[in-house]
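A.B. asks: Attaching a predicted model along with its sequence, questions to come.
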Amino acid sequence: MGQKFSFEIVEELAVLSENAKGWRKELNLVRWNENSPKFDIRDWSPDHEKMGKGVTLTNEELAVFKQFLNA
């Protein structure tokens, strides 16, 4: 059996793209397993019930990433 986990999308920040099946790559603020919310980039089904693999970033990691993009 797979390990159970919980998530809550605290804030939907941006839709980066959408495919023909309605799945969207989104930037959201997500709380995983009752921990502090983190910035999260991943594919989501239209109802946010299913998700693809993604990347989570702390505030500090997002700040470094933003500096890189702006350079």
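C.D. replies: Looks like it arrived, so ask away. Computed from a prediction, not measured in an experiment: that's the story for all the values here. Numbering: from 1, shown residues only.
A.B. asks: so what's G54 up against?
C.D. replies: D40, I41, R42, D43 (C-beta atoms under 8 Å, 6 or more residues apart in numbering). C-betas here are computed from N, CA, C, even on glycine.
A.B. asks: in which helix or strand would I find the second one?
C.D. replies: So that's I41. Using DSSP states H and E, I41 sits in strand 38-44.
A.B. asks: ok, then the element right after that strand?
C.D. replies: Downstream of strand 38-44, the first helix or strand assigned by DSSP H and E is strand 51-57.
A.B. asks: Sheet partners, orientation included, of that next one?
C.D. replies: When pairing is defined by DSSP bridges, strand 51-57 lines up against strand 38-44 (antiparallel).
A.B. asks: Just the mean pLDDT for the strand it pairs with, thanks.
C.D. replies: Here strand 38-44 scores 98 as its mean pLDDT.
A.B. asks: and what of stretch 57-67?
C.D. replies: 96.
A.B. asks: who's in contact with the strand holding I41?
C.D. replies: Against strand 38-44 from outside (C-beta under 8 Å, 6+ apart): 13, 16, 23-32, 50-59, 61-62.
A.B. asks: Quick check on these: which are buried?
C.D. replies: Buried subset of these (neighbour count, 16 or more other C-beta atoms under 10 Å): W23, R24, K25, E26, L27, N28, V30, T56, L57.
A.B. asks: contacting residues around the second one?
C.D. replies: Think R24. Shown in contact with R24 (C-beta under 8 Å, 6+ apart): V15, L16, S17, E18, D43, W44, P46.
A.B. asks: which residues does the residue nearest the centre of the chain bridge with?
C.D. replies: By C-alpha atoms, centre = their mean, the chain has its centre lying nearest to D40, at 2.6 Å. Counting by DSSP bridges, D40 forms beta bridges with N28, T56.
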